[in-house]
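Student: Build me a structure from this.
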Amino acid sequence: MNVPLREHLRETILEMAKPLHKNLRGQKIELFLDFVGGASLGGRLLDVGGGPGIDGEFLQMYANFGEVVVANRQVRRLEAPNGVRVQLIEADGRSLPFKSWSFDWVFSNAVIEHVGSWEDQIRFANEIRRVSSKGYFVTTPNKFFPIEPHTLLPFYQFLPARVQQRAVPYSVGYLRQYAAVHLLSSKQVQELFPEARVVSLGFPILGNSLVAFHRKVQS
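Tutor: Below is the predicted model:
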């Protein structure tokens, strides 16, 4: 398949997938807001690696909190919802520049698979656990879902890195150049967040996403 045709196919597939992707993200947001206590919560939220989303869905989530900090290695402009203070901070999730228990809630959607090696993922998880005072909610793609979410290629995640490098030009997802992505199994997520409840979400039978969420006991 020539390059222009491949690009056209990729753009067509991504456009067709947008409603599904938005719906799946909506499931996560609904579960998160239900977990933390519903609408109009107030309090401080830290979104690690966050952004506006496909159609501003995460901005709508922010509207439930009194103050929101978005920590990302690449700071992008956000149009804050009316009445909500949203602060953007350039930061590495493996070493957050905040004191312990600085935020009521910490949220992170599909970031931990991008932070590096298993040791980097441990650091990332421990930082989320450290800075949250009431609890946290972390999502990541399910390694054992057959379609790899960044390339939309079947079983891509199980290929050796050298084979992934040769396969990624045929990606019909948003990953168009090779980048190391370390997807996690449910067992691995549980190891990273030992006190959390870990569930699958999304597609029936075998969810495409994993969610680790934990509410801390208030003394």
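Student: partner strands of whichever strand in the chain runs longest, parallel or antiparallel?
Tutor: In the chain, with assignment by DSSP state E, the single longest strand is strand 132-141. Sheet pairing of strand 132-141 (DSSP bridges) gives strand 103-109 (parallel), strand 209-215 (antiparallel).
Student: tell me which residues of the next helix-or-strand element following it are tucked away?
Tutor: Where DSSP states H and E defines the elements, the next helix or strand beyond strand 132-141 is helix 161-167. The neighbour-count check on helix 161-167 (16 or more other CB atoms under 10 Å) flags Gln164 as buried. Glycine gets a C-beta too; all of them are placed from N, C-alpha and C.
Student: Could you list every helix and strand that the least confident helix or strand in the chain by mean pLDDT packs against?
Tutor: Lowest on mean pLDDT, DSSP states H and E among the helices and strands of the chain sits helix 3-36, with a mean of 79. If contacts are counted by 3 or more CB pairs under 8 Å, 6 or more residues apart in numbering; DSSP states H and E, helix 3-36 sits against helix 57-62, strand 103-109, strand 132-141, strand 197-201, strand 209-215.
Student: So what touches the shortest one?
Tutor: Applying CB atoms under 8 Å, 6 or more residues apart in numbering, the contact partners of strand 197-201 are 24, 27-28, 31, 139, 142, 186, 189-190, 206-214.
Student: What subset of the residues you listed is buried?
Tutor: 24, 28, 31, 139, 142, 186, 189-190, 207-214.
Student: Show me where the protein dips below the pLDDT cut-off.
Tutor: Within the chain, the stretches with pLDDT under 70 are 1-3, 5-6, 8, 14, 17, 38-40, 218-219.
Student: highest average neighbour count across the helices and strands packed on helix 3-36?
Tutor: Counting by mean count of other CB atoms under 10 Å, strand 103-109 has the highest mean neighbour count of the helices and strands packed on helix 3-36, with a mean of 25.
Student: Only alpha carbons, please: show it as PDB.
Tutor: C-alpha atoms of strand 103-109 as PDB (Å, rounded to 0.1, in the frame of the first residue of the first chain):
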ATOM      1  CA  PHE A 103      -4.400  17.000  46.600                       C
ATOM      2  CA  ASP A 104      -7.700  15.500  47.600                       C
ATOM      3  CA  TRP A 105      -7.800  13.400  44.400                       C
ATOM      4  CA  VAL A 106      -5.300  12.300  41.800                       C
ATOM      5  CA  PHE A 107      -6.500  11.300  38.300                       C
ATOM      6  CA  SER A 108      -4.400   9.900  35.500                       C
ATOM      7  CA  ASN A 109      -5.800   8.500  32.200                       C
END
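Student: Next, the angle from that strand to helix 3-36.
Tutor: Going by axes from the mean of the first three to the mean of the last three CA atoms, to 10 degrees, strand 103-109 is angled at 150 degrees with respect to helix 3-36.
Student: would TSV of the helices and strands packed on helix 3-36 with distance to Arg166 be doable?
Tutor: Formatted as TSV, these follow (distance: least, CB to CB, whole Å):
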stretch	distance to Arg166
helix 57-62	34
strand 103-109	30
strand 132-141	22
strand 197-201	30
strand 209-215	27
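Student: Looking at these, which is nearest to Arg94?
Tutor: strand 103-109 (12.0 Å; CB to CB).
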